[in-house]
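Student: Could you work out the structure for the sequence below:
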Amino acid sequence: MFCSHQLSATLAIIALGTTAATAGSASITGRDVVEITELQPFTHVVYLPVGSDVSSIKLEGIKAVKVATKRRSITNQQYCDQFWSEPGGSMYCQRTTDESSEPAYHLTYSYRGQPMASDEYNDPYFTFSVYFRPTEISLKLRDMLSSEKISRAPVAEFFEITTSMDSIQQVVIDEANSTFWDGNYIDGTWIHTNPKCEDRIAYKKVASPSPYITVRVDPASSRLETAAATGLQSK
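Tutor: Purely as a prediction, here's the structure:
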C-alpha cells in the first residue's frame, strides 16, 4: 500500500521580544534561593496595540520620583517543596521586592485606543508611562519644574515622540518542502492510515507585521530653549 500525502494548515509560532527586565544572578542562602533581576526602567520605549490612535498621544503629567533598578526574589525551597504546598504556589513561597532606587522623572501620556470588551465604562482612553534620569532631560526643564508650576503644553515641547511599525519573525511550516500522510484521529490521537508512513515537516522563517506599535519618547529642544538661545546670540 502506497502512502498518499496531504498538506496541513500552517502552524505559526510568533516570537515577540519586549521585556522590561534582563536576567540577573541567583544564589542560595540556607534554604532560600535569592535571584537578582536587573530592571530596565529607562528604555523610553512602550508598545501599544495596533489600532491605537497615535495622533491622540498627549502628555498628562510629569513628576520627580524614585524608580527601582533591581528586583530581588527570594524563594523558600523548603516551603515550596512541601507536599501540602498549593499547586500554583503561594504568597509564602516567593517574596519579591524592588530595590536600588534612583531619582527619575515619571512622564504619563494618554492615548485613544480600542475599548476593551471587559470595560464596563467602554472608555477608549488609556495611559502609558516612561522614566527619564535627571541628566537625560533639559536643565531648563528641571529648573522650570523646581521653581514654578507650569502647564503641560510647555513641558510637552521638551520631548519628541516617534512611532514605528516593526516586523517580527515567525516560524511557520514550509508546506512546499513538507509531507503529511493520510490518517485519522482515534481517541484524540492522529494515527496514520499506513503505520509505516512518517510525516516529514520542514520549517521556515517569515516576516510578519507586529501586532504592536512601537512608541519612543526622546528629549527634544523646546521653543523656549530655542528662543532663549537666539536671544543670547543676538546680544
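Student: Show me how far stretch 131-141 is from its chain's centre.
Tutor: Its chain's C-alpha centre and that of stretch 131-141 lie 23 Å apart, by C-alpha atoms, centre = their mean, to the nearest Å.
Student: In this structure residue 164 contacts residue 212, no?
Tutor: No: Residue 164 is not in contact with residue 212 according to C-beta atoms under 8 Å; the separation is 10.2 Å. Every C-beta, even on glycine, is put in place using the N, C-alpha and C of the backbone.
Student: what about the longest strand along the chain, average pLDDT?
Tutor: For the chain, the strand with the greatest residue count under DSSP state E is strand 53-76. Strand 53-76 shows a mean pLDDT of 91 in the predicted model.
Student: Kindly report the same for stretch 196-215.
Tutor: 88.
Student: and if you look at stretch 167-184?
Tutor: 86.
Student: what about it, how long is it end to end?
Tutor: Distance between the two ends of stretch 167-184: 37 Å, counting by C-alpha to C-alpha, to the nearest Å.
Student: Please point out which parts of that stretch sit buried.
Tutor: Buried residues in stretch 167-184, counted by 16 or more other C-beta atoms under 10 Å: 170, 173, 178, 180, 181, 183.
Student: repeat for stretch 189-204
Tutor: In terms of neighbour count (16+ other C-beta under 10 Å), stretch 189-204 has its buried residues at residue 197.
Student: which residues sit against that stretch?
Tutor: 1, 3, 171-174, 177-185 (C-beta atoms under 8 Å, 6 or more residues apart in numbering).
Student: picking that back up, of residue 164 and residue 212, which one has the most company?
Tutor: residue 212 (17 against 9; other C-beta atoms under 10 Å).
Student: bridging residues for the closest residue to the more buried one other than its chain neighbours?
Tutor: Excluding its sequence neighbours, the residue lying closest to residue 212 (C-beta to C-beta, 6 or more residues apart in numbering) is residue 47, at 4.0 Å. Going by DSSP bridges, residue 47 is paired in beta bridges with residue 214.
Student: since we're on residue 47, how many residues are nearby?
Tutor: Neighbour tally, residue 47, other C-beta under 10 Å: 16.
Student: Please apply the same query to the one 3 residues further on.
Tutor: By the other C-beta under 10 Å criterion, the neighbourhood of residue 50 contains 13 residues.
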